[in-house]
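Chemist: Next come a sequence and a model predicted from it.
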Amino acid sequence: MDVSTITNTSPFFWGYLGAASSLVFSAFGAGYGTYKSAQGIAEADKDSTNNNSFPFKFFIPIIISGVLAIYGLIYSVVALGAIDSTFTSAQGFATFGAGLAVGLSCLASGIATGIVSRKMIPMVGDSRKKFVGLVLILVYCEAIGLYGLIVSLLAQSSGDSITFDMQ
């Protein structure tokens with residue numbers, strides 16, 4: 001493959017692809033986390049003996065999953081705001097890589113949140129110790145997506161200072 005094939009592509013294509021991939025992958029992660037969390041909540045509600053008061057604390061994983069989509073949205077807005085008439089190839093590639101970083105980390109975070117929630121919510125019940133454990137695990141699952149957002153913002157800002165000259 002000739003190097004000019006990559007370098008002659010539009011930087012706008014890579015920039016918009018990075019913005020789109022951050023949003024799409026993080027939304028898939030949020031959707032999966034919400035879906036599996038809802039399954040755990042439904043099973044916990046089915047198994048509960050007290051049908052009058054269902055604890056709303058079990059909605060924490062759904063809120064955490066929704067935040068993952070917000071991470072992708074934040075990066076998408078930042079990336080789209082950086083695309084202007086002086087957008088270079090280096091900035092396009094940095095935007096694409098950063099979009100994948102936040103999108104795929106939010107996807108992994110959503111999968112982890114969903115798996116943990118599906119298994120642990122029915123087991124928690126009224127146990128405070130198990131609930132604290134669930135929340136701690138969910139915080140660590142959420143941190144994966146946050147780390148991806150931080151890395152993507154750093155990569156986005158570093159793309160401004162890179163000169164890309166391949167011959």
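Modeler: Sure, I can see it. Numbers count the residues shown, from 1 in each chain.

Chemist: Look up phi and psi at Phe87.
Modeler: phi -70, psi 130 (degrees, to the nearest 10).

Chemist: Look up how far Ala101 lies from it.
Modeler: Per C-beta to C-beta, to the nearest Å, Phe87 is found 19 Å from Ala101. Bear in mind the C-beta positions are built from the backbone N, C-alpha and C, glycine included.

Chemist: Between the two, which is the more surrounded one?
Modeler: When neighbours are counted by other C-beta atoms under 10 Å, Phe87 and Ala101 differ, and Ala101 comes out ahead with 25 against 17.

Chemist: Quick check: what element follows the helix or strand hosting that one along the chain?
Modeler: Assigned by DSSP states H and E, Ala101 belongs to helix 89-124. Downstream of helix 89-124, the next assigned helix or strand under DSSP H and E is helix 128-158.

Chemist: and that following helix, which residues are buried?
Modeler: 131, 134-135, 137-138, 141-142, 144-146, 148-149, 152-153, 155-156 (16 or more other C-beta atoms under 10 Å).

Chemist: What of stretch 107-123?
Modeler: Quick answer for stretch 107-123 (16+ other C-beta under 10 Å): 107-118, 120-122.

Chemist: low-scoring stretches of the chain, by residue?
Modeler: Low-confidence segments of the chain, defined by pLDDT under 70: 1-7, 47-54, 126, 159-167.

Chemist: Show me what the helix holding Ala101 is packed up against.
Modeler: Counting contacts by 3 or more C-beta pairs under 8 Å, 6 or more residues apart in numbering; DSSP states H and E, helix 89-124 packs against helix 11-47, helix 60-82, helix 128-158.

Chemist: Any idea which of those gets closest to Gly92?
Modeler: Among those, the nearest to Gly92 by C-beta to C-beta is helix 11-47 (3.2 Å).

Chemist: now the angle between helix 60-82 and the closest one, please.
Modeler: Interaxial angle, helix 11-47 versus helix 60-82 (axes from the mean of the first three to the mean of the last three C-alpha atoms, to 10 degrees): 170 degrees.
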